[in-house]
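**Student:** Just to be clear, the model below is a prediction. Sequence and coordinates:
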Amino acid sequence: MKTALLWLLRVGLGGMFVAAGALKFGDPTSFALEIHNYQLLPDLAPLLAATLPVVEIVLGLAVLVGPRAWVRAGALASTVVLGVFTVAVASVVARGVNITCGCFGEGSGPVTMWTVLRDVVLVAAGVLLFRLSKELPPARAKTA
């Protein structure tokens, strides 16, 4: 049961991060506008738009196909990133700012309380993946 849950979490979170990063990667200008619309760090929008998609893809691949150490590090880093996203969308909801999420590139839909709840569930999934991934077998040392 734990093995099935571990693989489900790896495929779900890892695949989500790879897909989200890939969808944003193709249009950094639109993604920079989405980031700017959050009104949190507008001056950093171009830098975040250029780097965040690559970070998401790398984290997703680490979770999907990495050895135990990479899966654990990817799960931890993904959880931190998701935590930041959760704070950002909660801030938008609390301030009553009407914007689209940008979570999966252009046309991701509006930020609502459902977006916040989804992100909270994803944070919990990341924590669970980190905890379960300690049970993965360690990478074998290569012998010459």
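**Tutor:** That came through fine. The structure presented is a predicted model; accordingly, all values stated were derived computationally and were not measured.

**Student:** Without its sequence neighbours, what residue ends up closest to residue 98?
**Tutor:** residue 110 (6.9 Å; Cβ to Cβ, 6 or more residues apart in numbering). Where C-beta positions appear, they are placed from N, C-alpha and C, glycine not excepted.

**Student:** Hmm, I typed the wrong one, I wanted residue 79.
**Tutor:** Residue 79 sits nearest to residue 126 (Cβ to Cβ, 6+ apart), 3.3 Å away.

**Student:** number of nearby residues for the one you found?
**Tutor:** 25 (other Cβ atoms under 10 Å).

**Student:** Now it: which helix or strand?
**Tutor:** Assigned by DSSP states H and E, residue 126 belongs to helix 113-132.

**Student:** For that helix, C-alpha coordinates in PDB please.
**Tutor:** Output in PDB follows, covering the C-alpha atoms of helix 113-132 (Å, rounded to 0.1, in the frame of the first residue of the first chain):
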ATOM      1  CA  MET A 113     -10.500  29.900  -2.500                       C
ATOM      2  CA  TRP A 114     -10.500  26.600  -4.400                       C
ATOM      3  CA  THR A 115      -7.100  27.500  -5.700                       C
ATOM      4  CA  VAL A 116      -5.900  28.000  -2.100                       C
ATOM      5  CA  LEU A 117      -7.400  24.700  -1.000                       C
ATOM      6  CA  ARG A 118      -5.900  22.900  -3.900                       C
ATOM      7  CA  ASP A 119      -2.500  24.300  -3.000                       C
ATOM      8  CA  VAL A 120      -2.900  23.200   0.600                       C
ATOM      9  CA  VAL A 121      -3.700  19.700  -0.500                       C
ATOM     10  CA  LEU A 122      -0.600  19.700  -2.800                       C
ATOM     11  CA  VAL A 123       1.600  20.900   0.100                       C
ATOM     12  CA  ALA A 124       0.300  18.000   2.200                       C
ATOM     13  CA  ALA A 125       1.000  15.600  -0.700                       C
ATOM     14  CA  GLY A 126       4.600  17.000  -0.800                       C
ATOM     15  CA  VAL A 127       5.100  16.400   2.900                       C
ATOM     16  CA  LEU A 128       3.700  12.900   2.600                       C
ATOM     17  CA  LEU A 129       6.000  12.200  -0.400                       C
ATOM     18  CA  PHE A 130       9.000  13.400   1.600                       C
ATOM     19  CA  ARG A 131       8.100  11.200   4.500                       C
ATOM     20  CA  LEU A 132       7.400   8.100   2.400                       C
END
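
**Student:** Cool, thanks, signing off.
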